[in-house]
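K.L.:
Dropping the sequence and predicted coords here.
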Amino acid sequence: MSASAKRALVTGGSAGLGAAMVYQLAASGFEVLSLDRQKGAIQTPDAGEGTISHLDCDLSSRTELDRILPELIKRGPFDLVVLNAGISATGRFEKIDLATHLNVLRVNTEAPMVITARLLEEGGFTPGAALLLVSSLSYFTGYPGAASYAASKDALAIYASSVRKAAKARGVSITVAFPGPLRTDHAERHAPQGADASKRMVPDLAARLILADALSRRKNSIPGAPNRAFALIGRIAPKPVTALMRRLIYLRLDP
């Protein structure tokens, strides 16, 4: 990737996949604005490359989101917008409190929908800009043990399909990413006890593959051959794959 004084917005940019994207974009010359609940410790690129700035915002709060939207529009227009922020809730659905389910939906679905709509309305994208929405590999199968997370990520992918034509009319391409399990602290917190973290993709690799697809204006990005194979099998045989997910995840969660 290469860029010259281009601007990028990344939500959830303080850790995991988002932090990897922020650094890689800055290292490629982008002026990157990271939006997250806290600044985190993103690696600073070398002198002469891009820059990284940060805005605090808890995307589970619609009040905070509405407060920050005028500032986002002021910081634009953006050549690339990455709506990556996401949280999860794992366990038996009926034992997870309603507020937690609602927060998952607000962060994973409502916030990116609202940000997308406002940026499109207010000229927040440059001509030829790219919008990247980060969904999940769970889109291709059921996700027992993380139902609200799966629903939120499915909804985001469907939203992308619904607004793609309107975005294209404004010169904006939309890519939906479907990353599989990543080697992050967030994944570790929500994984079943004893899960093998070494089998998860490292965020730096996932970020590189996904950003390449977004900047190439591809509609979808499934990083890594194993993930693409899983998505294909999930389409062909959804019931057996969901049953496998139930054994691997749901039945291993704390009762």
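P.N.:
Here it is on my side, so go on.
K.L.:
Show me where this protein has its helices.
P.N.:
Under the criterion DSSP state H, helices of the chain are mapped to 16-27, 62-75, 98-105, 111-121, 147-169, 185-190, 203-215, 225-236, 238-248.
K.L.:
and the ones you listed as CSV, adding mean neighbour count, mean pLDDT and distance to N84?
P.N.:
C-betas here are computed from N, CA, C, even on glycine. Below are the helices of the chain laid out as CSV (neighbours: other CB atoms under 10 Å; pLDDT from 0 to 100; distance: least, CB to CB, whole Å):
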stretch, mean neighbour count, mean pLDDT, distance to N84
helix 16-27, 26, 94, 4
helix 62-75, 14, 95, 15
helix 98-105, 15, 91, 15
helix 111-121, 20, 97, 9
helix 147-169, 18, 94, 11
helix 185-190, 14, 54, 12
helix 203-215, 20, 96, 9
helix 225-236, 14, 88, 17
helix 238-248, 14, 75, 23
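K.L.:
T90: which of the ones you listed is closest?
P.N.:
In terms of CB to CB, the element of the helices of the chain nearest to T90 is helix 185-190, at 4.5 Å.
K.L.:
ok, A231 touching I222?
P.N.:
Yes: A231 is in contact with I222 according to CB atoms under 8 Å; the separation is 5.4 Å.
K.L.:
Give me the common contacts of those two.
P.N.:
Counting by CB atoms under 8 Å, 6 or more residues apart in numbering, the residues touching both A231 and I222 are L137, F178.
K.L.:
per-residue confidence for A146?
P.N.:
We have a pLDDT of 80 for A146.
K.L.:
Tell me the spacing between the residue lying closest to it once chain neighbours are set aside and L120.
P.N.:
Spatially, and ignoring its direct neighbours in sequence, A146 is nearest to T90 (5.0 Å; CB to CB, 6 or more residues apart in numbering). Applying CB to CB, to the nearest Å, the value for T90 to L120 is 33 Å.
K.L.:
cool, and R228?
P.N.:
The value you get for R228 to L120, if CB to CB is used, is 30 Å.
K.L.:
Equivalent analysis for F30, please.
P.N.:
Distance from F30 to L120, by CB to CB: 20 Å.
K.L.:
What of S28?
P.N.:
25 Å.
K.L.:
Ok, A169 next?
P.N.:
10 Å.
K.L.:
do the same with I233
P.N.:
35 Å.
K.L.:
in the sheet, who's paired with S221?
P.N.:
In this entry, S221 is beta-bridged to A177, by DSSP bridges.
K.L.:
With distance to L132 added, can I get the helices of the chain in JSON lines?
P.N.:
As requested, these are exported to JSON lines (distance: least, CB to CB, whole Å):
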{"stretch": "helix 16-27", "distance to L132": "9"}
{"stretch": "helix 62-75", "distance to L132": "16"}
{"stretch": "helix 98-105", "distance to L132": "20"}
{"stretch": "helix 111-121", "distance to L132": "10"}
{"stretch": "helix 147-169", "distance to L132": "10"}
{"stretch": "helix 185-190", "distance to L132": "18"}
{"stretch": "helix 203-215", "distance to L132": "4"}
{"stretch": "helix 225-236", "distance to L132": "16"}
{"stretch": "helix 238-248", "distance to L132": "25"}
